[in-house]
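Enquirer: Need a 3D model of the sequence below.
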Amino acid sequence: MIRGIHHTSISTGDLDRLLGFYRDLVGIEVLFEVDFSGAEIEAITALPGAKGRVAMLRAANAHIELFEYARPVPETGDPNRPVCNHGLTHICFDVVDLPAEYARLKAAGVPFHCEPQWLGKGTVLTTYARDPDGNVVEFQEILNPKSRMAMTF
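Expert: From the prediction side, this is the model:
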């Protein structure tokens, strides 16, 4: 029986930089940060010689796992990868007072695709931004939690 989603995972070339974004700027709690290696990790990841660092973060009931691999040496991702490409497209954070969060993050230098936009006949306010690696991060404020739109973004 599957109970639900536990976490989303992001691989990065600079764990400290992403921690600076998700922990220090966005405000997500770090549960732990550890080095990893060993036969079990190699088996799970199917990467012989896998070694690196991992951090687990928590925001309410959602977790984000950040990986930085030292071995094998990873390929650099495209920081401008379009959200229409196949694969994981974004992480979404539910916020209170999106206009204020948008202003705070924009002032800190976070790049946004656009200013917050209204969806669902004024029931959801949302916008996309990019973390320091170019991963898409959605920030949304749901003004009517019973709206069908609240379940889709």
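
Enquirer: what's the helix or strand for Pro79?
Expert: Assigned by DSSP states H and E, Pro79 belongs to no helix or strand.

Enquirer: What of Phe32?
Expert: strand 29-37.

Enquirer: what element comes up after that strand heading to the C-terminus?
Expert: Immediately after strand 29-37, counting by DSSP H and E, sits helix 39-45.

Enquirer: Check which residues of that following helix are buried.
Expert: Judged by neighbour count (16 or more other CB atoms under 10 Å), helix 39-45 contains no buried residues. Just so you know, the C-beta spots here come from the backbone N, C-alpha and C atoms, and that holds for glycine as well.

Enquirer: contacting residues around the residue sitting furthest away from the middle of the chain?
Expert: Distance to the chain centre peaks in the chain at Ala39, reaching 27.9 Å (criterion: CA atoms, centre = their mean). By CB atoms under 8 Å, 6 or more residues apart in numbering, Ala39 lies in contact with nothing.

Enquirer: What pLDDT does the model give it?
Expert: Ala39 is assigned 91 on the pLDDT scale.

Enquirer: if I pick the residue nearest in space to the middle of the chain, what's in contact with it?
Expert: Nearest to the geometric centre of the chain sits Ile91, at 4.3 Å (CA atoms, centre = their mean). Residues counted as contacts of Ile91 (CB under 8 Å, 6+ apart) are 8, 10, 64, 135-138.
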